[in-house]
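> structural data only, the sequence is not supplied:
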């Protein structure tokens with residue numbers, strides 16, 4: 001059976017729409033889908049001599065960065081980890097996303113529906129697990145043994161991360177639904193129900209970083225909606241969710257945070273508080289960052305090599321009590337330690353550039369409509385901003401799961417950015 005060009009594109013688009021749900025159940029399948037899209041894009045564009053997308057300045061900058069990472073790995077160890085060799089595929093995935101969106105004008109609608117539907121399904125399952133102690137797949141939730149809600153992710157405690165990283169695109173779709181419902185009471189009820197659902201689940205997940213990401217996203221969303229009524233109702237919903245979760249003293253969000261703050265200070269005889277010695281502060285990430293700075297100090301230009309933090313943190317020169325892990329839990333400390341000051345500059349320059357772009361467009365047309373490129377531009381770029389935000393703990397820079405989530409909105413950003421320039 002011969003598949004014609006139209007059917008082949010339809011198949012690739014369908015595979016793309018399966019990525020959000022595949023990220024829930026299998027990172028291997030999600031990565032396989034991404035690889036298929038990348039291979040298809042490369043073959044198709046080279047065969048038809050479509051080189052426009054490869055000329056994207058941010059993409060070129062990213063490819064140079066990838067070459068730099070390979071170079072550092074090679075000069076340090078004469079070998080390059082697979083995660084570094086194939087890191088470029090995420091950049092190609094982003095321009096492939098842009099190409100598919102340019103070619104099919106309604107694909108963006110279906111991508112947003114796919115993300116929104118998957119996130120809602122994940123959140124509803126988490127609610128079931130919270131109420132009944134077990135979810136639809138049989139994963140149990142025991143507050144005493146594991147105070148963090150995980151839902152469909154089972155033993156992987158990434159429920160809040162998944163929802164919060166997709167939150168700007170979920171809010172984009174939610175804003176579109178709200179604007180399309182003509183009945184003001186119905187639209188308000190629907191909006192409040194979804195906001196409560198997502199807020200409560202992220203709080204119940206106990207992931208503090210996810211809560212910060214979510215609060216930033218919901219703040220931008222409310223700003224774009226520009227409704228005092230919705231703003232005050234949302235505040236009530238958030239406070240209500242806090243009160244329900246905080247009524248349980250075993251909640252990680254509150255108990256662990258309280259204990260870490262308490263353990264960071266010593267109470268002196270005069271009743272004042274004094275910061276403990278660094279080694280005694282019970283916040284693991286601080287010790288990871290200390291180990292990362294020691295690596296940077298001795299390897300200032302190129303670092304110790306991509307993905308090598310997990311090995312080098314065990315060596316005497318970089319060993320810090322409680323400071324060893326697979327990565328230092330901050331992408332900038334990871335880049336400083338593994339790729340040196342040059343690798344760090346690549347990413348911090350990109351972050352500053354994207355932040356300035358977001359700030360420059362945030363006050364443009366705020367109407368929630370897919371025809372409004374500005375609101376799609378801002379909320380897709382917000383996803384990227386959250387991923388690269390430097391002042392909070394982060395996941396592994398080379399983590400496939402995180403990068404797939406991040407490079408979807410990067411592709412949407414490329415698409416809308418081009419549309420805005422040509423309006």
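Structure's in. What do you need? Bear in mind that the values here come from a model prediction, so they are computed numbers and not experimental data. Numbers count the residues shown, from 1 in each chain.
> next one: the closest residue to residue 203 other than its chain neighbours from residue 239, what distance?
If the residues on either side of it in the chain are set aside, residue 203 comes closest to residue 245, at 4.6 Å by CB to CB, 6 or more residues apart in numbering. In short, each C-beta sits where N, CA and C put it, glycine included. According to CB to CB, to the nearest Å, residue 245 stands 11 Å off from residue 239.
> try residue 368
25 Å.
> what are the boundaries of the strands in the chain?
For the chain, the strands defined by DSSP state E cover 265-267, 273-275.
> and those strands, which one's lowest on average pLDDT?
For the strands of the chain, mean pLDDT drops lowest on strand 273-275, to a mean of 51.
> burial measure for residue 171, as a count.
27 (other CB atoms under 10 Å).
> I'd assumed residue 222 was in contact with it.
No. The criterion here is CB atoms under 8 Å, and residue 171 misses it with residue 222 at 9.2 Å.
> which of residue 245 and residue 239 has more neighbours?
residue 245 (21 against 11).
> in the stretch 1-150 of the chain, which spans are helices?
Listed in chain order, the helices found in the stretch 1-150 of the chain under DSSP state H, counting those that start in this stretch are 5-25, 27-47, 57-77, 82-85, 88-103, 107-132.
> return the most buried member of the ones you listed.
helix 88-103 (a mean of 22; mean count of other CB atoms under 10 Å).
> that one relative to helix 107-132, how many degrees between them?
120 degrees (axes from the mean of the first three to the mean of the last three CA atoms, to 10 degrees).
> now do helix 88-103 against helix 27-47, angle only.
Using the same axes, to 10 degrees, helix 88-103 lies at 60 degrees relative to helix 27-47.
> export the helices of the stretch 1-150 of the chain to TSV and tack on distance to residue 294 and mean pLDDT?
Below are the helices of the stretch 1-150 of the chain laid out as TSV (distance: least, CB to CB, whole Å; pLDDT from 0 to 100):
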stretch	distance to residue 294	mean pLDDT
helix 5-25	35	93
helix 27-47	32	96
helix 57-77	17	94
helix 82-85	22	92
helix 88-103	29	96
helix 107-132	39	95
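> out of those helices, which is closest to residue 356?
helix 57-77 (13.0 Å; CB to CB).
> contacts for the closest one next, please.
Residues outside helix 57-77 that contact it (CB atoms under 8 Å, 6 or more residues apart in numbering): 53-54, 79-81, 84-85, 87-88, 91, 94-95, 302-306, 308, 339-340, 342-343, 346-347, 350, 414.
> equivalent analysis for stretch 332-345, please.
So stretch 332-345 is in contact with 65, 68-69, 72, 288-289, 291-293, 295-296, 299-309, 312, 327-328, 346-348, 390, 394, 396-397, going by CB under 8 Å, 6+ apart.
> buried ones in that stretch?
332, 333, 334, 335, 336, 337, 338, 339, 340, 342, 343, 344 (16 or more other CB atoms under 10 Å).
> where does the stretch 251-400 of the chain have low pLDDT?
Counting by pLDDT under 70, the stretch 251-400 of the chain shows low-confidence ranges at 251-284, 365.
> let's see that with 50 instead.
Along the stretch 251-400 of the chain, the parts satisfying pLDDT under 50 run over 259, 275-276, 278, 282.
> tell me where it has helices.
Going by DSSP H, counting those that start in this stretch, the stretch 251-400 of the chain shows helices at 252-264, 284-298, 309-312, 331-361, 373-387, 400-421.
> so what does the shortest one touch, helix or strand wise?
Contact here means 3 or more CB pairs under 8 Å, 6 or more residues apart in numbering; DSSP states H and E; on that basis helix 309-312 packs against helix 284-298, helix 331-361.
> off-centre distance for the first one?
So that's helix 284-298. 23 Å (CA atoms, centre = their mean, to the nearest Å).
> list the contacts of that helix.
Taking CB under 8 Å, 6+ apart as the rule, helix 284-298 contacts 278, 281, 303-304, 309, 312-313, 317-325, 327-330, 333-334, 336-338, 340-341, 393.
> buried ones among these?
The buried subset of the contacts of helix 284-298 - by 16+ other CB under 10 Å - is 281, 303-304, 309, 312-313, 318, 320, 322-325, 327-330, 333-334, 336-338, 340, 393.
> still on that earlier bit, and the helices of the stretch 251-400 of the chain: which comes nearest residue 214?
Once those are compared by CB to CB, helix 373-387 is nearest, at 9.4 Å.
> that closest one vs helix 400-421, what angle?
Going by the same axes, to 10 degrees, helix 373-387 makes 150 degrees with helix 400-421.
> got the angle for helix 373-387 vs helix 331-361?
Using the same axes, to 10 degrees: helix 373-387 against helix 331-361 is 160 degrees.
> show me what helix 373-387 is packed against.
Counting by 3+ CB pairs under 8 Å, 6+ apart, helix 373-387 packs on helix 159-180, helix 208-225, helix 331-361, helix 400-421.
> and it, how far out from the chain's middle?
12 Å.
> do you know how far residue 101 is from residue 59?
For residue 101, the distance to residue 59 - CB to CB - is 15 Å.
> ok, and the closest non-adjacent residue to the residue nearest to the spatial centre of the chain?
Central residue of the chain (CA atoms, centre = their mean): residue 165, 3.8 Å from the mean position. Leaving out its chain neighbours, the residue that sits closest to residue 165 by CB to CB, 6+ apart is residue 405, at 4.9 Å.
> kindly report the same for residue 233.
Nearest to residue 233 is residue 192, by CB to CB, 6+ apart, at 5.9 Å.
> cool, residue 376 as well?
Looking at residue 376 with CB to CB, 6+ apart, the closest residue is residue 416, at 4.8 Å.
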